[in-house]
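# Have a look at this prediction, sequence included:
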There are 2 protein chains.
Amino acid sequence: MATIKDVAKKAGVSVSTASYALNDIPHVHPETRKRVKRVAAEINYHPNASARNLKTKRTNNIGVFVYGFGGPVFSEVLEGINHVLHRHGFNILVSSGRSSSIMLKEKQVDAAIIFDSSFDPDVILQYAKTSPVVLLDTYIKGKNIYPSVIDNDLLVQQLIRQMINQGYQSFVFVAGPKDAFNNQERFKGYSKALQEANLNNLHYFQGDFTTPSGYQAGKQIAKMKPLPDFVYCANDEMALGVMEALREANIAIPAKIGVAGFDGTYLQNPYIQPSLTTIRINHYQWGETSALFLIDALQKKLSPKGLSKPVGEIMIKEST
Amino acid sequence: MATIKDVAKKAGVSVSTASYALNDIPHVHPETRKRVKRVAAEINYHPNASARNLKTKRTNNIGVFVYGFGGPVFSEVLEGINHVLHRHGFNILVSSGRSSSIMLKEKQVDAAIIFDSSFDPDVILQYAKTSPVVLLDTYIKGKNIYPSVIDNDLLVQQLIRQMINQGYQSFVFVAGPKDAFNNQERFKGYSKALQEANLNNLHYFQGDFTTPSGYQAGKQIAKMKPLPDFVYCANDEMALGVMEALREANIAIPAKIGVAGFDGTYLQNPYIQPSLTTIRINHYQWGETSALFLIDALQKKLSPKGLSKPVGEIMIKEST
DNA sequence: CTGAAAGCGCTAACAC
DNA sequence: GTGTTAGCGCTTTCAG
């Protein structure tokens, strides 16, 4: 591979001049700069990232660490982040699982956005001693750590309260993974709203945020006697499964039973019938905002307002 | 940040011994190794990736470069790749757009899987001079370049032929982006099957692989007089949109019109009604196979059979 | 079994 | 405007 030495030699200058020229440092003679750049292009020179990063102690990479690559929520957040990082000249580096921790520990990224509640908090705290971290959907307190969490509790509470006002009285909950922060908070909001109205949660169905798990729960619900009149699902994907199971059991939505979810990822999809009442989160924007904030933090231009939480909006549709 | 020097000093050994101990080089005294490792843990030492990579000329990172982060196809392939890389001790580094090219050019990855037909072929060729590349869904010939492309043409041809045998006679095509390799190949297979049977393609609707674009096409199709009796969609997401538009126009599937797609990503989802005839690709496995092959290539253990193409299977369901 | 030292490719003082 | 050179943190040869 061509190194800066090769460029320097071929252009008849010293390595430092070559470096200055290539990095657009002002005090180089225009002719020299042109020649160096031409030579570099000719021999297909590209700086070796390891060497540059070792010297400058920066990588220009922003790490985005996710729990998994699946699902509309991750996709949208990632697209939002990608857009902002691209516009600001940073590289996006997405990873997952053990690779994520390694990349943090070994400083392969200048800053990080972590969207993975299973990420080891100690590793985060250690990393944050020197670099800023935005935490999506988990809460850790610490210097250089900026959490941005959805107002799960409050939003669900408001939705359920509204449903109670509409006349629904017997509720069941279809849950995501027990240890998922999101799931816990949503259940809290749900419970609070029911308590306020002196209603009980008739059943807690354990799901895992996937459509098939919602479908299983729906099968159970269809057999309940008496039938509850409302099913709240901790996310939309499970709600789709629930709706299908109810349809197969000929239980009309919303005539016999109301269904609602969380996320709003299927609002644009006309093939979901009936359309699903949910809490819409603008995930793309969430990604953009987080990335923008992180860049500011990295450049010590911290906006005094801090990092905002994602906006959620209750969307009443045909399913309730 | 703690460096290996700090570890060496605190453990009372030289940096070389510290390095040997930490990297499990055999000839170090067990006691020394233990002491060094303990100290390293105490002061929270982690090797600096840039320094290590610069010296060893390896990064232990495998790059996966995608066109975008959305959609079930990407997700599944990524999960498959992730699984294999994790098991073999490599880090997964996913990126997109300009970041991808930069990371390739600057050698931030030891090998790459490229799933992005918009990727600059020159950059790939240049990179492949020194490192192996697996190309998903595009075809470039060259040393160290291993393409793995779906048999789009043949599979679609077989499906359409089967549909013709079932009695369908008037066909329309709902296309993905014009410049998408997948789309072109699928259209070829479709056309060949029709030609064989002396049938014509009644219309080519331009879509973009998204459900809304399929929905638009479906609206147009519903207005056609006479109605075609079969709609072939270049992927499943568009097929969902088409089906919804037809449902809204009260055109029964498959009674009045047959619909089929490509990918098989919704086969598990019970809420798609009627279930969609399609060509199922095992994307997860595709990711696994590709990653496995790439690792072998990297370690010069090239299997003589070369990289296999993903298996596709025609799935006849209720929509035809 | 351990240590001294070279050098990976690059940037950035500093000297001219 | 350009060149010389130290040194980033690490691995690895070579000597002992």
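Perfect, I can see it now.

# contacts and neighbour counts: CA atoms only from here.
Will do.

# mind listing the strands for the stretch 101-250 of chain A?
If you assign secondary structure with DSSP state E, counting those that start in this stretch, the strands in the stretch 101-250 of chain A sit at A:111-115, A:133-136, A:145-148, A:171-175, A:201-206, A:230-233.

# for the third one, packing partners?
The one in question is strand A:145-148. Taking 3 or more CA pairs under 8 Å, 6 or more residues apart in numbering or on different chains; DSSP states H and E as contact, the helices and strands that strand A:145-148 lies on are strand A:133-136.

# Over the strand it packs on, what's the mean pLDDT, rounded is fine.
Mean pLDDT, strand A:133-136: 97.

# Just the pLDDT for the closest residue to A:Glu237 other than its chain neighbours.
Distance criterion CA to CA, 6 or more residues apart in numbering or on different chains; nearest residue to A:Glu237, sequence neighbours excluded, is A:Thr211 at 4.8 Å. Reading off the confidence values, A:Thr211 has pLDDT 89.

# coming back round to it: export the strands of the stretch 101-250 of chain A as TSV, with columns for mean neighbour count.
Rendered in TSV, the data for these read as follows (neighbours: other CA atoms under 10 Å in any protein chain shown):
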stretch	mean neighbour count
strand A:111-115	25
strand A:133-136	25
strand A:145-148	22
strand A:171-175	24
strand A:201-206	15
strand A:230-233	26
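
# which parts of the stretch 51-200 of chain A sit against chain B?
If contacts are counted using CA under 8 Å from any CA of the partner chain, the residues of the stretch 51-200 of chain A sitting beside chain B are A:51, A:53-54, A:68-72, A:75-76, A:78-79, A:82, A:86, A:90-96, A:98-100, A:105-108.

# can you check the stretch 201-320 of chain A too?
Applying CA under 8 Å from any CA, one finds that the stretch 201-320 of chain A approaches chain B through A:211-212, A:240-241, A:243-244, A:268-272.

# Repeat the analysis, applying 10 Å as the threshold.
Taking CA under 10 Å from any CA of the partner chain as the test, the list of the stretch 201-320 of chain A residues beside chain B reads A:211-212, A:215, A:240-245, A:247-248, A:268-273.

# Could I have the buried ones of the residues you listed as PyMOL selection syntax?
Command for PyMOL that selects the buried part of these, burial taken from 16 or more other CA atoms under 10 Å in any protein chain shown:
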select buried, chain A and resi 211+212+215+240+241+242+243+244+245+247+270+271+272+273
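
# Assumed A:Leu93 was part of a strand.
Yes. According to DSSP: H, G, I helix; E, B strand; the rest coil, the state of A:Leu93 is that of a strand.

# Would you mind measuring from A:Ala222 to DNA strand D?
Plainly put, A:Ala222 is 59 Å away from DNA strand D if you go by CA to the nearest atom of the strand, to the nearest Å.

# ah, wrong one, I meant A:Phe187
Per CA to the nearest atom of the strand, A:Phe187 is found 45 Å from DNA strand D.

# Kindly report the same for A:Arg33.
Here the distance between A:Arg33 and DNA strand D works out to 7 Å (CA to the nearest atom of the strand).

# again, but for A:Thr17
When CA to the nearest atom of the strand is applied, the distance between A:Thr17 and DNA strand D equals 5 Å.

# mind listing what that residue touches?
Listed by CA atoms under 10 Å, 6 or more residues apart in numbering or on different chains, the contact set of A:Thr17 reads A:8, A:11, A:23, A:25, A:27-29, A:32-33, A:36.

# Go again with 8 Å.
When the contact criterion is CA atoms under 8 Å, 6 or more residues apart in numbering or on different chains, the partners of A:Thr17 are A:8, A:28.

# ok, which stretches of chain A are helices?
Chain-ordered helices for chain A, with DSSP state H as the definition, fall at A:4-11, A:15-22, A:30-42, A:49-56, A:72-87, A:98-105, A:121-127, A:152-165, A:181-196, A:211-223, A:236-248, A:283-298.

# Tell me how far A:Leu246 lies from B:Glu244.
A:Leu246 sits 20 Å away from B:Glu244 when distances are taken as CA to CA, to the nearest Å.

# ah, wrong one, I meant A:Val64
Applying CA to CA, the value for A:Val64 to B:Glu244 is 36 Å.

# Skipping its backbone neighbours, what lies nearest whatever residue of the stretch 151-300 of chain A ends up closest to DNA strand D in space?
With CA to the nearest atom of the strand as the measure, the residue in the stretch 151-300 of chain A that lies nearest DNA strand D is A:Leu298; the distance is 19.1 Å. With sequence-adjacent residues excluded and distances taken as CA to CA, 6+ apart, A:Leu298 is closest to A:Pro132, at 6.3 Å.

# didn't that neighbour look like it was pressed against A:Asp296?
No. Using CA atoms under 8 Å, A:Pro132 is not in contact with A:Asp296, being 9.7 Å away.

# More neighbours: which of these two?
Neighbours of A:Pro132 and A:Asp296, each counted by other CA atoms under 10 Å in any protein chain shown, are more numerous for A:Pro132; the result is 25 against 14.

# neighbours around the residue of the stretch 201-320 of chain A found nearest DNA strand C, how many?
In the stretch 201-320 of chain A, the residue that lies nearest DNA strand C is A:Gln299 (15.3 Å; CA to the nearest atom of the strand). The local packing count at A:Gln299 equals 10, with neighbours defined by other CA under 10 Å.

# Distance of it relative to A:Ala111?
In this structure, A:Gln299 and A:Ala111 are 11 Å apart, going by CA to CA.

# Please apply the same query to A:Gln126.
If you measure A:Gln126 against A:Ala111 using CA to CA, the figure is 13 Å.

# what do you get for A:Ser96?
Computed as CA to CA, the A:Ser96 to A:Ala111 distance reads 15 Å.

# Number of residues surrounding A:Ser191?
Summarising burial for A:Ser191: neighbours were counted as other CA under 10 Å, giving 20.

# Also A:Pro121?
Here the count is done by other CA under 10 Å, and A:Pro121 has 12 residues near it.

# what bits of chain A have low per-residue confidence?
Chain A contains residues with pLDDT under 70 at A:303-304.

# and it, which of its residues are near DNA strand C?
Where proximity means CA under 7 Å from any atom of the strand, the interface of chain A facing DNA strand C comprises A:1, A:3-5, A:15-16, A:19-20, A:23, A:46-49, A:51-52, A:54-56.

# buried subset of the residues you listed?
Restricting those to buried positions leaves A:4, A:15, A:19-20, A:46-49, A:51-52, A:54, with burial counted as 16+ other CA under 10 Å.

# Quick check: of those residues, which lies closest to B:Gln184?
Here the nearest of those to B:Gln184, counting by CA to CA, is A:His46; it sits at 34.6 Å.

# Contact partners for the closest one?
A:2-3, A:40, B:105-106.

# for DNA strand D, what are the nearby residues on chain A?
Residues of chain A that fall close to DNA strand D, judged by CA under 7 Å from any atom of the strand: A:12-17, A:27-30, A:32-33, A:51, A:54-55.

# Please name the nearest non-neighbouring residue to A:Val242.
The spatial neighbour of A:Val242 that comes closest, neighbours along the chain excluded (CA to CA, 6+ apart), is A:Gly218 at 4.2 Å.

# Thought A:Met243 was touching that neighbour, still the case?
Yes. Using CA under 8 Å, A:Gly218 is in contact with A:Met243, at 7.0 Å.

# separation between A:Tyr190 and A:Lys256?
When distance is defined by CA to CA, A:Tyr190 is 21 Å away from A:Lys256.

# Which residue of these two possesses the greater neighbour count?
The neighbour count for A:Tyr190 versus A:Lys256, taken as other CA under 10 Å, is higher for A:Tyr190 (27 against 14).
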